Structure formats: C-alpha cells, structure tokens
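Test case, fold it:
(2 chains)
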2 protein chains.
Amino acid sequence: MNLKKRGKQSVIFYEKPRLIASAAIVGDMEGKGPLGAHFDIVLKDDTWGEESWEKAERRMFQESVNTAVNKCGILSNTINCLLGGDLLNQIISASFAARELEIPFLGLYGACSTMAESLLIGGMLIDGGFLTTCACVASSHFSTAERQYRFPLELGCSNPPSAQRTVTGAGCSILAATAFKEPQPCYKNIVLSGGTIGRVIDFGINDASNMGAAMAPAAANTLKAHFEDFSRSPDDYDLIITGDLGYLGSELFLELCRENGFDMNDKHMDCGKSIFFEKQKIDCGGSGCGCSASVLNGYLLKRIEVGDIKRALFMATGALLSPASSLQGETIPSIAHAVILERR
Amino acid sequence: MNLKKRGKQSVIFYEKPRLIASAAIVGDMEGKGPLGAHFDIVLKDDTWGEESWEKAERRMFQESVNTAVNKCGILSNTINCLLGGDLLNQIISASFAARELEIPFLGLYGACSTMAESLLIGGMLIDGGFLTTCACVASSHFSTAERQYRFPLELGCSNPPSAQRTVTGAGCSILAATAFKEPQPCYKNIVLSGGTIGRVIDFGINDASNMGAAMAPAAANTLKAHFEDFSRSPDDYDLIITGDLGYLGSELFLELCRENGFDMNDKHMDCGKSIFFEKQKIDCGGSGCGCSASVLNGYLLKRIEVGDIKRALFMATGALLSPASSLQGETIPSIAHAVILERR
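Below you'll find the model as predicted:
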C-alpha cells in the first residue's frame, strides 16, 4: 500500500479524484453581487416559497445536489455518499436534505470550513477506493443564522463594522473516481490532488462580531503546515483561496503569512471579500459555509476548468464557537482545512 | 487499486485497521449501573469540578483521548487525526477539546450515531493509507443535553415512560495502521474489517420523547443493507450491537428485522438497555452519543480482545432532529452507521 500521508497534517491523492460537476444556489443579495451571473439559481425571495427560512435553506442544500447531478446526467440517488453540513444546530439542513435525497450520508460539522472538510474527506474516500462517486455540500442562510446566533431579525439590531454578513447560499461538488463514466460531462479537467487537515487554533479573540480575526490564525497555521508538508510555497499556486475571512480577517491573514515567511503577493483571494460589491454596504464581507461553497461551486471551478487557474488551494475557515460557549466567557477557536484543486 | 466499495452502501477494509486502545469516562449514575466496573473514570460530581456542565463534558471528551493514548504509551499530540463529535450545538465539546489536544481535527455530527460514524470514517482513512493513527471519540452529558434539548433541569419536569436518559459519558477508540508500533500494547487482537454507511430514514415518528421508535427503522435499514452488501446473515456475527434504541426501540427493531427475514435470536444487544439497572428506574434506558461510546470503549472491546466475541457489528443510531425542527412540526429522521469489529 502506498502511504498517502504526507508530512504532519497532509494527504496526497495518487488516483486524483475528478471533480465532475458543481452547482451553487444563492439569495437575492448574493445574486446582485459581482459573481451573480455565475450562480445556477438566484432566489428572489429568501423563503423560496417555503414555510420557514430553515425549510428554504434545506431546499437550497437539496437542490444544489440535484442541480449538480443533473449537469452530468446522473440521478442523485445513484451517488454513493453525501458528505456535508451547515451552520444550524444539529445540522438539520443537511440531515433533512439527506432524507429526501436518499443517499448514504456522513454528517460533518466544521462551521464555515465545511465545504473544504467535505471535499477533503470525500477526496480521501474516493482516492482510497471506498466510493465511486460522492456529493460534497455546504449551506448557510442569512435569516436562519441571524436568529440562531445573534438576534431575532424583527429586532432590527445594527452590526459593528467588523461584522460579516452570513451568505444565503448552498454549493455542491460531485467527485468521481477515474473509472466512473458520467453520461454527460460537465467539468472534464478538474482533479483533487491532496489536502491538509486543519488543527484548532485559538488566539484569544472573544468578539463574536469579529470572526475574520478569530479565523485568520487558523488559516495561516494550515497554510504553513501545507507548505511544509508538501515543500511548497505560494509560487506553486496560481491562487490561494480563503473561505470567509472578510476584509479585516484577510489583512490579518496576510500579515501572519508574512510573519511565517510567505509573501502571497497577488495570489490570495477571499470568498467573503468577493461575493458582495462594496456599494452593497456589507461591512466586512460575507461569511457562513454557503459563502465559500457558492463562490467555489458557482465561479472558481469554471475558471479552473477553462485553464485560467492551473492549481489552486481552496482553504475554508470555520469559527467553532456556539452562543453557549460565548455566554460562558470562552474565546473563539477556529479551524481551516485545505484541498488542492488542479487542472489536469 | 482494489475497490473497497462493497454493494450499495458498504466498504471493506483489506488492511484491517487495528483498534489498539480505548477509554471510557462516565457519570455517577452510569458508574452505579451493571457495567460500572469497566469504565476508566467514574465522575462523583457531574461538573467534574468545572464551572459548567458544558465544560465538564468537554473535559470528559478530552480526557477519554488522553486516557486511551496513555494506555498504549503514546502522546495525544502524536495522533494524526481526531474524528468525533457530540450532541451540543456546534459540537463545542469536540471542538474545544480538539483545541487543547492539538490534534488535526475532523468534526462530525451524527447525533447518537457519532461513535460508529467516527470509527467508520477513521477506519477508511487508515485503511486508505491517509493516516497512521487516529482517535475516534463521542460524548454526551445528561445535564447539558437536558437544558439544550428539553427543559432547564431546575424546572424538575417529569418524563413520559417512553423517554430515555441521556448518558453522561465519553468514549475514545485509538485506531492504527498495521505498520504502526505502539510502545505499549493495550489491545493486541482487535481489527476493523469493514462497515456500512447509513441512509437517513424517517417513519413519521414526531414524538421527541420516543426516540427509540424513531431510530429503530434506521437500524433495521442499515442492517438489511449490510447483510445484502456482504451476503451475510445474523449467523455470521456473535453479537449485533445497537447504540441506544432502549427497551421500546429494541422491540421495534427486532420486529422490523423479523419482517426483513432476519431472526436475531440472542445475537442482539442494545447499549441503551445495558448501561443502567432496571432498579435505577431509567424508564426506557440510556441514550446519547456517550451511551454507545462508553459501553463499546469501556466494556465491549475487552470482550472482543479476550475472545468472548469473535465478530461483532457495532451499529450506533442517531435521531437527526433539532428543537427547531420539532417546533416547525417536523418528524424525526434517523440514521445508523455500522462497523465490523473482529478478533483477528
């Protein structure tokens, strides 16, 4: 057996699982952002005709899978495994969607790092020969997150300028083994070649309205581990994508990278900074699992497919707090997982 | 590459990851149950000297890992990956424990199926060559679960007779690749040989005080898939262990198995039925991730190690509801994951 463990925290994929299709569904405000034209479905109404925001989020999760599998001409219930999660307590968006989709299901919780966590585990399970196909999914919804994590929307509370807006969005990537033949190709050129499992890092930030600052050290830590494990540097990548550090978190991340000896120059892109226009007045940018999930699956994968980007590191970050942990005086531990996406 | 996918939902491990050590920590009431003597640590006070029940649960999670790694003479931060979760919102027990343990972390949410989910994913990652060692962990705590899912304990609400008691317990299994040499052996004979990924099943039960009934169909469904995928029957196992169906759920499970054509005879054991004495008056038995995690890691693995049990199927079940989904009128979707534990 080939050892696919690389260095301290990383793994390498010799079989290079293919990323054969993707889909992204977003809310109205995200649809009006700079990437609006790239999303498969843009909601006009954030309940999507459902009785509650929670049911709308679940449907976005579910339809992102259905939309992605349709693109490669397969049925959702022929997918071997669904890996994913969301921000709601007990990940009900994912679990209830899995009930409707009838796909064997592995529930994950990585807060906003979930899209990268699902690709990393999905990649390992396909590269290891345990699955032929899998769907990797993450979702979030502004209105479900606000009332669970912060205040009832009806209160109309205002945010401090460091706050980010939870993206209403769901994204799904379909992974497949080399031997799998999809009836109808969507992406022909994208493979996963490895990744890095994150460690939980806590720099003592306790301001739940400044999650970019809490997550930046985790992103810098995972990136350092990744470069060490693969003996690589920013030069080896066309783009290094963080999930939702936002404006403030991205600045801190770049500073920590410089301290670690890595000059990122123009290689860094943050999904939270990219999903809204500045004129939309979203303070520090977007956040939530759905932020990196929709930007990756709606926009970035197309750029890899056409060859604009040859090798990218997708590194989504998650703040692992809960309202209960904050009330009990805890700081905000964070994590970042990374996967390498390549044009083959 | 050997295809390790077997049938529709199952996987087979050719390298047979070893289960080299385990530990279980439980609360006072669990310590007074029939398996009390088997647990590594029994709490006298369910805060364990911490400021809150949540902090106590986190410490149980963390110390179950430290206790297990100590038994095989290694340090926790040399473990390649921590896989696990708990019942608290945003799995804060697992995430905060991972911060202290400094092990690369993959957060899972499978409700009470988490112990089986972590062993199944951990087994695949080791069998696939991605990790050399990993810790698979799950925890729950009566007092943190009551106030999150039901009522403040101070209210003193009484339960219907169908209710189960959330076990205060944490359990950890250490998995290792064949090539790994632990300085000090704890278990020498236990391997994982495969497993089955569960699908989300919902028979329309909406009584959150009767979770055994909600979970029984998921257990029966996974068992049927397992037997079909491996062309096996109850005869091929010495013991088929469910997580926390309790008294009522176990009856339903056995009935569904008979309907599916499998007579379990005396092969079935439920952790929820085994952890308390009847005289402890725990209504329908124990529940929570910590129930199957502590019974497996405290008691069952020792029986496999000494040869009382040659081949067991460990199948933990999870009810994937949240208080919000119940308030919105939803039924209770459930899942069961299974792993095969063998004496080699």
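
Nearest spatial neighbour of residue A:111, chain-adjacent residues omitted?
Of all residues not flanking residue A:111 in the chain, residue A:318 sits nearest, at 3.1 Å (Cβ to Cβ, 6 or more residues apart in numbering or on different chains). Quick note: C-beta positions are derived from backbone N, CA and C, even for glycine.

ok but the one you found is inside a strand, no?
Yes: per DSSP: H, G, I helix; E, B strand; the rest coil, residue A:318 lies within a strand segment.

now it: how far from residue A:335?
If you measure residue A:318 against residue A:335 using Cβ to Cβ, to the nearest Å, the figure is 5 Å.

Between those two, which contacts overlap?
In the contact map built from Cβ atoms under 8 Å, 6 or more residues apart in numbering or on different chains, the residues linked to both residue A:318 and residue A:335 are A:110, A:111, A:113, A:218.

Surely residue A:294 forms part of a helix?
Yes: assessed by three-state DSSP, residue A:294 belongs to a helix.

ok, it - contacts?
Taking Cβ under 8 Å, 6+ apart as the criterion, residue A:294 is in contact with A:24, A:25, A:26, A:30, A:39, A:167, A:169, A:170, A:171, A:275.

for the helix or strand where residue A:221 lies, packing partners?
Using DSSP states H and E, the element containing residue A:221 is helix A:211-230. Identification of packing neighbours for helix A:211-230 by 3 or more Cβ pairs under 8 Å, 6 or more residues apart in numbering or on different chains; DSSP states H and E yields strand A:10-12, strand A:190-196, helix A:246-259, strand A:311-319, strand A:334-343.

can you state the direction angle for that helix and strand A:311-319?
Helix A:211-230 and strand A:311-319 meet at an angle of 140 degrees, taking axes from the mean of the first three to the mean of the last three Cα atoms, to 10 degrees as the criterion.

After helix A:211-230, which helix or strand is next?
The helix or strand immediately downstream of helix A:211-230 is strand A:239-242, counting by DSSP H and E.

What strands flank that next one, and is each parallel or antiparallel?
On the basis of DSSP bridges, the sheet neighbours of strand A:239-242 come out as strand A:268-270 (parallel), strand A:311-319 (parallel).

mind putting the ones you listed in CSV, mean neighbour count and mean pLDDT included?
Shown next, in CSV, are the strands paired with strand A:239-242 (neighbours: other Cβ atoms under 10 Å in any protein chain shown; pLDDT from 0 to 100):
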stretch, mean neighbour count, mean pLDDT
strand A:268-270, 22, 98
strand A:311-319, 28, 98
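
Between the ones you listed, which one is closest to residue A:180.
Closest approach to residue A:180 among the strands paired with strand A:239-242 is made by strand A:311-319 (21.8 Å; Cβ to Cβ).

average model confidence for the helix or strand that the closest one is followed by?
Tracing the chain C-terminally past strand A:311-319 and defining elements by DSSP H and E, one meets helix A:323-327 next. The average pLDDT within helix A:323-327 is 93.

Can helix A:323-327 be said to contact chain B?
Yes: in this structure, helix A:323-327 sits against chain B according to Cβ under 8 Å from any Cβ of the partner chain; the contacting residues are A:323, A:324, A:325.

And that helix, what does it pack against?
helix B:92-101.

can you tell me which residues contact the most centrally placed residue in chain A?
Residue closest to the mean C-alpha point of chain A, counted by Cα atoms, centre = their mean, is residue A:115 at 3.2 Å. Under the criterion of Cβ under 8 Å, 6+ apart, the neighbours of residue A:115 are A:136, A:137, A:138, A:171, A:243, A:289, A:292, A:293, A:296, A:314, A:316.

try 10 Å
Contacts of residue A:115 were listed using Cβ atoms under 10 Å, 6 or more residues apart in numbering or on different chains, and they are A:84-85, A:108, A:136-139, A:170-173, A:243, A:271, A:289-297, A:314, A:316, A:318, A:337, A:339.

Quick one, which of those residues are buried?
Buried by 16 or more other Cβ atoms under 10 Å in any protein chain shown: A:84-85, A:108, A:136-139, A:170-173, A:243, A:271, A:289-297, A:314, A:316, A:318, A:337, A:339, out of those.

could I get the contacts of residue A:294 as JSON lines with pLDDT?
Rendered in JSON lines, the data for the contacts of residue A:294 read as follows (pLDDT from 0 to 100):
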{"residue": "A:24", "pLDDT": "98"}
{"residue": "A:25", "pLDDT": "98"}
{"residue": "A:26", "pLDDT": "98"}
{"residue": "A:30", "pLDDT": "98"}
{"residue": "A:39", "pLDDT": "98"}
{"residue": "A:167", "pLDDT": "97"}
{"residue": "A:169", "pLDDT": "98"}
{"residue": "A:170", "pLDDT": "98"}
{"residue": "A:171", "pLDDT": "98"}
{"residue": "A:275", "pLDDT": "97"}
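
Need the shared contacts of residue A:318 and residue A:335 in CSV (columns: neighbour count, secondary structure and pLDDT).
Written out in CSV, the entries for those read as follows (neighbours: other Cβ atoms under 10 Å in any protein chain shown; DSSP: H, G, I helix; E, B strand; the rest coil; pLDDT from 0 to 100):
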residue, neighbour count, secondary structure, pLDDT
A:110, 31, coil, 98
A:111, 33, helix, 97
A:113, 34, helix, 98
A:218, 30, helix, 98
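
which one of the residues you listed is nearest chain B?
residue A:110 (5.2 Å; Cβ to the nearest Cβ).

wait, doesn't that closest one sit right on residue B:105?
Yes: with contact taken as Cβ atoms under 10 Å, residue A:110 and residue B:105 are classed as touching, separated by 8.7 Å.

got any residues that touch both of the two?
Common contacts of residue A:110 and residue B:105 (Cβ under 10 Å, 6+ apart): A:117, A:198, A:320, A:335, A:337, B:95.

Residue A:67 versus the first one, what's the distance?
Distance, residue A:117 to residue A:67, using Cβ to Cβ: 22 Å.

Next: the fifth one.
In this structure, residue A:337 and residue A:67 are 24 Å apart, going by Cβ to Cβ.

In chain A, which residue sits nearest chain B?
Of the residues in chain A, the one nearest chain B is residue A:128, at a distance of 2.6 Å by Cβ to the nearest Cβ.

Please name the residues that touch that residue.
Contacts of residue A:128 (Cβ under 10 Å, 6+ apart): A:1, A:4, A:11, A:13, A:15, A:17, B:1-2, B:4-5, B:11, B:13, B:124-130.

If anything else comes up later, I'll come back, but that's it for now.
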